[in-house]
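> kindly generate the corresponding structure for this input.
(2 chains)
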There are 2 protein chains.
Amino acid sequence: MPRPADHAADAPGTPAARTPDLATDRLAALADDLVDHRWKGLPPDAAGSRVGALAGARRDLFTGGFTTPVLALSAEAVEHNLRQLEDYTERHGLAFAPHGKTSMAPQLFARQLAYGAWGITVAVPHQVRVCREFGVRRVFLANELVDAAALRWLAGELAADPDFRFVCYVDSVRGVALMDEALRGAETGPATPRRLDVVVELAAGEGARTGARTEADCAAVADAVAATDTLRLVGVAGYEGEVPQADGDRVRAWLRRLTALTAELDAAGRFGADVDEIVLSAGGSAWFDAVADVFAEVPELSRPVLKLLRSGAYVSHDDGHYEELTPFNRVPDEGALLSAFTLWAQVVSRPSPGQAFLNAGKRDAAHDLHLPRAHAVRSAPDGTVRPADGITVTGLSDQHTWLRTDGGDGGTGAELEVGDWVGLRMSHPCTIFDKWQLIPLVEPDGTVTDLIRTFF
Amino acid sequence: MPRPADHAADAPGTPAARTPDLATDRLAALADDLVDHRWKGLPPDAAGSRVGALAGARRDLFTGGFTTPVLALSAEAVEHNLRQLEDYTERHGLAFAPHGKTSMAPQLFARQLAYGAWGITVAVPHQVRVCREFGVRRVFLANELVDAAALRWLAGELAADPDFRFVCYVDSVRGVALMDEALRGAETGPATPRRLDVVVELAAGEGARTGARTEADCAAVADAVAATDTLRLVGVAGYEGEVPQADGDRVRAWLRRLTALTAELDAAGRFGADVDEIVLSAGGSAWFDAVADVFAEVPELSRPVLKLLRSGAYVSHDDGHYEELTPFNRVPDEGALLSAFTLWAQVVSRPSPGQAFLNAGKRDAAHDLHLPRAHAVRSAPDGTVRPADGITVTGLSDQHTWLRTDGGDGGTGAELEVGDWVGLRMSHPCTIFDKWQLIPLVEPDGTVTDLIRTFF
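Below is the predicted model of the structure:
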């Protein structure tokens, strides 16, 4: 895993070099956790040792006692992807709050922050808690938050830590009222309660996901915010990934509505006098080129504009959904992403020339957008690795992968034996990460150098 | 949660009354774990307390500080279902090793054993480890196991604990050779290695899942087992749930192949002389009536027959897949199962009369077989609960549920407001359990009385 001097957040002896806003003690404590029955795929003979010791042992993924199925995250691909988005956002003057819901891995949050991210985006209050546990100072919650228990907790966090910056969506007058009610009732002890920063969410269109449907609705929400003592309107946000029948023109047209709304609200004085910068946020993993283009057009406003991109899937990329959708397909001169995941499963049954079955299933593999693809075969007898030619995944059971090995023509079948390991590549990072709680980080030669903890 | 005197495994003061084969100290230790950022939905204001203390506080799921989304498991439904399958298996002379992969919850394994289960079935080596961690003495692995690292670990477990009974599938001569090779190389220290008990798996048909395709293939596998010093053939097994175009006749016809194979192998002396009982196993959650029927016809063999049913989904049942498939629909006089899960999520956006969005998504809800159904609405202002009439789930994003609230006709829309909680019912227990690591067990009045830990 390349560790350039200027990205040395996890280099020995300099854990906090580029991550001053993380609780490095809590990150380091992840290495003190036990290797035990909680983690799929880890070597049974390492039980009782510490996670950090297992990482330090630099075992081989294939011969070092790991059991199948086991998910491998390529250290090289992750580092490449981190650099790509850092470069991209710097080049386009974008701040970056990568969506942390993708990985929910504080060790990766730390790498993202080390590579220049402004903060971390999340989707639900539980994910904010994970961020706070690991000391993430800037959290963008890309949802309205009306859960009273979560708001009470959040009010306490804001009051207790003046360095904690939190922004979430509002998209309804009723949501504003519920937030105000919960925050007014929150106990913050001796600490002074702080206003909670919100951005009004403009929907990506009729029938799209969350967000106020019209600019007039957004203005009404802004008025409701202004009428509270507990909230502060700091900007505008939305998610272009939900634009109906999305194409470059439709996405750009909607993004221009978003930037125009920002300018209108600014001109109307709807952002509080004490707001230092106006937040303007959009950007998933399919249209960040359009976001960069349109955000570059934003006129001068009354205050600096924090143009905040939220793409998250890039960190691992995939083989499928984002492989097809990444903006780098349209702007290859600007970069490229590498797929970082391989799920290794073992052939446990080979009942006919046309069929084989692996011991990984829905519990282990992403399957919501596409079936996994067979990518490589590691031969049980000699450890050679070859392409999975002629092997097709036809289905997943809870704990099995169904393989067709004769191309469907009843032929003699691909060379594949009971005991072989098959490397599967998958579509959709969000549903890969969430099936694994401790993921081996693997060098190109198969050496496991770290174990990445997720919190779902 | 009713606790009849004869099922008092978890009653205060008698933790081991009916579970002598469980590590009650390790089960009890689950209550000592911390309430913290690892668990979705738990009350933020309980952070730092112990799981057992939170359970003992008997908080209300709706008003006790739990955050959304939160999954609720009905204590009443679980207890009802446990009793139903205990009664059913007793009535039909079946031993019962419920499939633990469904829940991967040792606390539920303990309840299943307290309700008379012979042991626990699992699917992969990691799940065997979880069973062993919690002291389950009889484990049936319904797969061939050729992973050398897992076999070495297993050999150690068998050698160290004479009371540990383990049975797994074999379905290929090559699989037998790989198992033998790994077991011969296993280090068991001063303890004497024990032969590993295997059952030959007969496939449910051409094109079905794992299992040797023909009786002749099974006999060849039996011969291969007999030629080793490390394995012992103790029976025959399969999974009728994979019979192609399954109906009652086809399933029964295949089950008769399975029982005939058992009798043939017995007559041919293929079960070792030191085998005390012959294992005959089948039975998922869709055809246990057919299994009971056909297993009742088994003729007298050379030794007693352990007729082992493996159904697992019954413990929570569902609203969807198993609701439709349960054999109790065909034999209602024999019992019925109750759906135990409700996923409570909160309306975070209500952008139009026809649409609303909840803060639960693919990360929280089963979605592999059917979309969730909206079941109930709990009103934010007054806490009243009403049926979710006119509300339809139309899709899931990673962290959102899409609701249609106007019946698709553009009408005025169901009464539903931002802040309301919506109770979702789901299809497929296996993909509900695996999205939650600590699940509130809830009384009918909403009181949370325990927290069920899962290990996926």
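> contacts only, for the residue in the stretch 351-456 of chain A that chain B sits nearest to.
The stretch 351-456 of chain A approaches chain B most closely through A:Gln399 (3.8 Å), counting by C-beta to the nearest C-beta. In this view, the C-beta of every residue, glycine as well, is placed from N, C-alpha and C. The contact partners of A:Gln399, taken as C-beta atoms under 8 Å, 6 or more residues apart in numbering or on different chains, are A:359-364, B:101, B:123-124, B:143.
> what of A:Leu258?
A:Leu258 neighbours (C-beta under 8 Å, 6+ apart): A:202, A:236-238, A:280, A:282, A:294.
> spell out which parts of the stretch 351-456 of chain A neighbour chain B.
Residues of the stretch 351-456 of chain A lying close to chain B (C-beta under 8 Å from any C-beta of the partner chain) are A:351-352, A:355, A:357, A:359, A:361-363, A:367-368, A:380, A:397-400, A:402, A:417-419, A:430-431, A:434-435, A:437, A:455-456.
> now for A:Val331: which residues touch it?
A:Val331 makes contact with A:Asp289 under the criterion C-beta under 8 Å, 6+ apart.
> check it and give its pLDDT.
Listed pLDDT for A:Val331 reads 97.
> after the helix or strand of chain A with the lowest mean pLDDT comes which helix or strand?
For chain A, using mean pLDDT, DSSP states H and E, the weakest element among its helices and strands is helix A:24-29, scoring a mean of 93. Counting by DSSP states H and E, the next helix or strand C-terminal to helix A:24-29 is helix A:51-56.
> check which helices and strands that next one sits against.
strand A:448-453 (3 or more C-beta pairs under 8 Å, 6 or more residues apart in numbering or on different chains; DSSP states H and E).
> now the strands for the stretch 1-150 of chain A?
A:70-74, A:95-96, A:120-122, A:138-144 (DSSP state E, counting those that start in this stretch).
> most packed of those?
strand A:120-122 (a mean of 29; mean count of other C-beta atoms under 10 Å in any protein chain shown).
> and it, how far out from the chain middle?
Put simply, strand A:120-122 sits 8 Å off its chain's centre (C-alpha atoms, centre = their mean, to the nearest Å).
> try stretch A:214-229
30 Å.
> on that earlier part again, host element of the residue of the stretch 351-456 of chain A closest to chain B?
Following DSSP H and E, one finds A:Gln399 outside all helices and strands.
> now it: how far from B:Leu145?
13 Å (C-beta to C-beta, to the nearest Å).
> one step back: filter the contacts of A:Leu258 down to the ones in strands?
Among the contacts of A:Leu258, the residues falling in strands (DSSP state E) are A:236-237, A:280, A:282.
> I'd like to know which of the residues of the stretch 351-456 of chain A next to chain B are buried.
Buried members of those, scored by 16 or more other C-beta atoms under 10 Å in any protein chain shown, are A:351-352, A:355, A:357, A:359, A:361-363, A:367, A:380, A:397-400, A:402, A:417-419, A:430-431, A:434-435, A:437, A:455-456.
> residues in contact with A:Gly361?
Applying C-beta under 8 Å, 6+ apart, the residues near A:Gly361 are A:396-401, B:123.
> swap in 6 Å and give it another go.
Contact analysis of A:Gly361 by C-beta atoms under 6 Å, 6 or more residues apart in numbering or on different chains lists A:396-400.
> from those residues, pick the one nearest B:His375.
A:Asp398 (24.0 Å; C-beta to C-beta).
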